[in-house]
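Q: Mind looking at a prediction? Sequence and model below.
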Amino acid sequence: MMVREVMLVFFFLLSFISASVVYDHRALVIDGKRRVLISGSIHYPRSTPDMWPELIQKSKDGGLDVIETYVFWNMHEPIQNQYNFKGRNDLVKFVKTVADAGLFVHLRIGPYACAEWNYGGFPLWLHFIPGIKFRTDNEPFKSQMQRFTKKIVDMMKQEELFASQGGPIILAQIENEYGNVEAPYGQAGKSYVNWSAAMATSLDTGVPWVMCQQMEAPDPIINTCNGFYCDQFTPNSDKKPKMWTENWTGWFLSFGGGIPYRPVEDIAFAVARFFQRGGTFQNYYMYHGGTNFGRSTGGPFIATSYDYDAPIDEYGFVRQPKWGHLKDLHKSIKLCEEALVATDPTYTSLGPNLEAHVYNTSSENCVAFLANVGTQSDATVSFNGNTYHLPAWSVSILPDCKNVVFNTAKINSQATRLEMRSLNPIPEHQTSKQIIDSFKTLQSDWSWVIEPVGISKSNAFTKFGLLEQINTTADVSDYLWYSIRIEIHGNEPFLLNGTQTVLHVESLGHVLHTFVNGKLAGSGFGNSGNSKVTLEKPIMLVLSNNTIDLLSSTVGLQNYGAFFDTWGAGITGPAKLKGKNFTLDLSSYQWTYQVGLKGEELGLSRDPSGSSSQWVSLSTLPKNQALIWYKTNFDAPGGTDPIAIDFTGMGKGEAWVNGQSIGRYWPTYISPQNGCVNFCNYRGAYSSSKCLKGCGEPSQKMYHVPRSWIQPSGNTLVLFEEIGGDPTQISFATRKTGSLCAHVSESHPPPVDTWELQPQTGKKLRPVLRLECPSPNEVISSIKFAGFGTPHGTCGNYGYSQCNSARAPAIVNQACMGLKSCAIEVSIEMFGDPCSGVTKSLAVEASCT
Ligand code: GAL
């Protein structure tokens, strides 16, 4: 063979094993082709490896091309130089699972993550390196950051996971949103950005790097946008594409807060606007949020559920109509891909708040986006000689500059109602034969261990003054005891009446319990906005010796903000005894400290049987008592539905199933009475507090128990209860799909997957209402509601109005009953016209069994 032919064969082979990823002004360019890419975040430690394939498949089915994840340094290197890449930390396996599904990966190495993750993802040992300053031009920090980043890059290279090696990783991120906090770091912050960029580039991954929220990201790093909307964003160079790394699909939940949710009409609007105005890469943060197992939540006060109102819910179910409507959107955008990547859009105003953007490369290749960005009124616009109805706050997509394939405010997708089906409470003193029903789970008695108040461990130590908590515990535990002894003679000037005085304690947070002579005197806790606690309590001392024990606990370490690593926690004082005219400040006295709990040292959670001699099981189960460990056994709830524990009845603590922590529970932290909306108006700019639900209720009462952590029988559940509760009240629940609903009007576009048929049929396609049972073995077994005309209400409470076709129930029954899925044309030809001159719609609620 000639040299040239040999070379050609070589390049031919190479093109199979590796992909080149570069970028230009319009888009990421993969193997020479500009691409429109839809991406979604799934954080591997927030689910279990057995869940990954299904989550990724559902992402693919939802129209994603890319999975985005952070890398969580503290999980991988909990102790300096000791690595953990097993189980939920198996990053390589996760990346390969994504590759197996045929999707790309965007690896956000950071290694700062934020992500509502403990300490933003930094391992605690990092804080103790002499002279270290995080996220700035500081040698000790930079050398650790470089070492870990390189470690991850090398690991990916070794497994040939970069696209340049034939793997799925097409993009990597260094740092995270540093631009948001950079100013306080001054000049050193600027040099740090330059250093980070150069360091990342030098690692030679063969794929582009991004920095998010970093306006002055140095070349060749692409600066990207994060937010609820990014259509107004422009990158810092004409040579870089417009990319959106975090489109928040909802928001995270805090203990003490309401549950945030974001309507899909608004998300779809934001996405369509982004592509309308030149974007080509968009990522949902989160596509599956998952669960903050163990003590992984950041904070303070981030809840254990990280559901995020994402298109795939915490338990792995598709959330409808969110998932389905976005899937239709993705298909519609993909119909436009060729024109989108070919050129910049041209903008024309169609009137106040009415915008048209056209991507026109030739007469056959024309794509238009028509937007009504007004929040109040729908509009009728004329474009290219045709008229279009544009609801307020919506975008219509016209893949041929003529026909509407999709409007962000018109949902064709079905909705599903996801339910938690409660199983029976765990009965007290129930034997294995006393099965209450087929779902029976917990069978045995509860046993318990009392956690001592105050100092009980041999590693206690004394110090003058009050110590900051994180520096003292290195976060090996949530808990730190501060203990002091005071001798009272009766004549002390801080005494009020006899031996009464007032105890005043100030803490940086997050939770504080005070005990006087072994008895709980008072508790307090902060909230996600302000973690500080100040407690002032009248207390009664005794003549002679008194012990004051203060228990401080953290609820996830700060993960965001300039210098967040130094904000601190715990009782930094003052701590005082206050009389009428005299105050005794104990702050600089000698205190005795204990890091962690006795039960943690004994391994009560990890090895409940190894510590069996400790557990008491008498008939008098102590209830509503602070500081107590509980243990019981249970059988797995039947079936394969995902499982949760309903912790109603308990106070606050942590729970372990077969030695694995399912996270902190805190069902007594109730969200404020006000601030929720019954109906979330998707029109108008969204913010994280715009739409909340669950006001006046526990922020989180249900806690996910991964199926893969339990066996059919003989499982152990251990709880550490901090403030007091009744474990016999807790119960198991399973996650199920309830009703299916859909509501489609005559003015909805026809289904997006019939788009290609349009030219062939020659006639105008009609909107269609479709229903499909989510589980493959189920069929539609009842039609609870079927109304054509002007039915009102939402899924679960549709109602008929005056304008109503009497034929609807029979037609829908005939079309759907006994089938796995059905499709019904929404038209007066089908149902007759119950009221002319009005736009009519079809609403159906059904259930499957
Ligand atoms: C962003 C950050 C993410 C996450 C998000 C809120 O600012 O980059 O890591 O914290 O906010 O969920």
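A: The structure has been received and is ready for your questions. Numbers count the residues shown, from 1 in each chain.
Q: For this protein, what lies in contact range of the ligand?
A: Contact residues (Cβ under 6 Å from any ligand atom) of the chain with the ligand: A113, C114, A115, E116, N176, E177, N226, E246, F252. Any C-beta I mention is one placed from the backbone N, CA and C, and that applies to glycine too.
Q: So which of these sit within strands?
A: Secondary structure from DSSP state E places N226, E246 of the residues of the chain next to the ligand in strands.
Q: Nearest to the ligand: which residue in this structure?
A: With distances taken as Cβ to the nearest ligand atom, the chain approaches the ligand most closely at C114, which sits 3.3 Å away.
Q: is it true that that residue touches N559?
A: Yes. Under the criterion of Cβ atoms under 8 Å, C114 makes contact with N559 at 5.5 Å.
Q: Now for the two: what residues contact both?
A: Residues touching both C114 and N559 (Cβ atoms under 8 Å, 6 or more residues apart in numbering) are G120, G121, G298.
Q: wait, what's in contact with the nearest residue to the first one once chain neighbours are set aside?
A: If the residues on either side of it in the chain are set aside, G120 comes closest to N559, at 4.0 Å by Cβ to Cβ, 6 or more residues apart in numbering. Contacts of N559 were listed using Cβ under 8 Å, 6+ apart, and they are A113, C114, A115, E116, W117, N118, Y119, G120, G121, G298, G299, I302.
Q: Can you tell me which one of those residues sits lowest on pLDDT?
A: Among the contacts of N559, G299 has the lowest pLDDT, at 90.
Q: The residue lying closest to that one once chain neighbours are set aside: what's it in contact with?
A: Computed as Cβ to Cβ, 6+ apart, the closest residue to G299 that is not its neighbour in sequence is G556, at 2.9 Å. For G556, the contact set (Cβ under 8 Å, 6+ apart) comprises E116, N118, N292, R295, T297, G298, G299, P300, F301, I302, H510, R664.
Q: Now with 6 Å, please.
A: Neighbouring residues of G556 by Cβ atoms under 6 Å, 6 or more residues apart in numbering: N118, T297, G298, G299, P300, I302.
Q: Counting neighbours, what do you get for the first one?
A: The tally of other residues near N118 (other Cβ atoms under 10 Å) stands at 27.
Q: Contact partners for it?
A: N118 neighbours (Cβ under 6 Å, 6+ apart): S296, G298, G556, L557.
Q: now the longest helix seen in the chain: how far from the chain's centre is it?
A: For the chain, the longest helix by residue count, based on DSSP state H, is helix 139-158. A distance of 26 Å separates the centroid of the chain from that of helix 139-158, by Cα atoms, centre = their mean, to the nearest Å.
Q: Low-confidence bits of the protein, can you list those?
A: 1-17, 424-444, 608-611, 759-762 (pLDDT under 70).
Q: hmm, back to that, now the longest helix of the chain: buried residues?
A: Neighbour counts over helix 139-158 (16 or more other Cβ atoms under 10 Å) mark 141-142, 144-146, 148-153, 155-157 as buried.
Q: Quick one: list the elements packing against that helix.
A: Where contact means 3 or more Cβ pairs under 6 Å, 6 or more residues apart in numbering; DSSP states H and E, helix 139-158 is not packed against any helix or strand.
Q: Swap in 10 Å and give it another go.
A: The contact analysis (3 or more Cβ pairs under 10 Å, 6 or more residues apart in numbering; DSSP states H and E) places helix 139-158 against helix 73-76, helix 91-100, strand 104-110, strand 169-174, helix 186-202.
Q: can these go into JSON lines with extra columns for mean neighbour count?
A: JSON lines is the format used below for these (neighbours: other Cβ atoms under 10 Å):
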{"stretch": "helix 73-76", "mean neighbour count": "23"}
{"stretch": "helix 91-100", "mean neighbour count": "20"}
{"stretch": "strand 104-110", "mean neighbour count": "25"}
{"stretch": "strand 169-174", "mean neighbour count": "26"}
{"stretch": "helix 186-202", "mean neighbour count": "16"}
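Q: Parallel or antiparallel, list what pairs with the longest strand anywhere in the chain.
A: For the chain, the strand with the greatest residue count under DSSP E is strand 731-745. Strand 731-745 has its sheet partners listed here by DSSP bridges as strand 415-425 (antiparallel), strand 643-646 (antiparallel), strand 841-848 (antiparallel).
Q: rewinding a little: who wins for neighbours among the contacts of N559?
A: W117 (29 neighbours).
Q: I'd like to know the beta-bridge partner residues of the nearest residue to it once chain neighbours are set aside.
A: Of all residues not flanking W117 in the chain, G298 sits nearest, at 4.7 Å (Cβ to Cβ, 6+ apart). Counting by DSSP bridges, G298 is bridged to L557.
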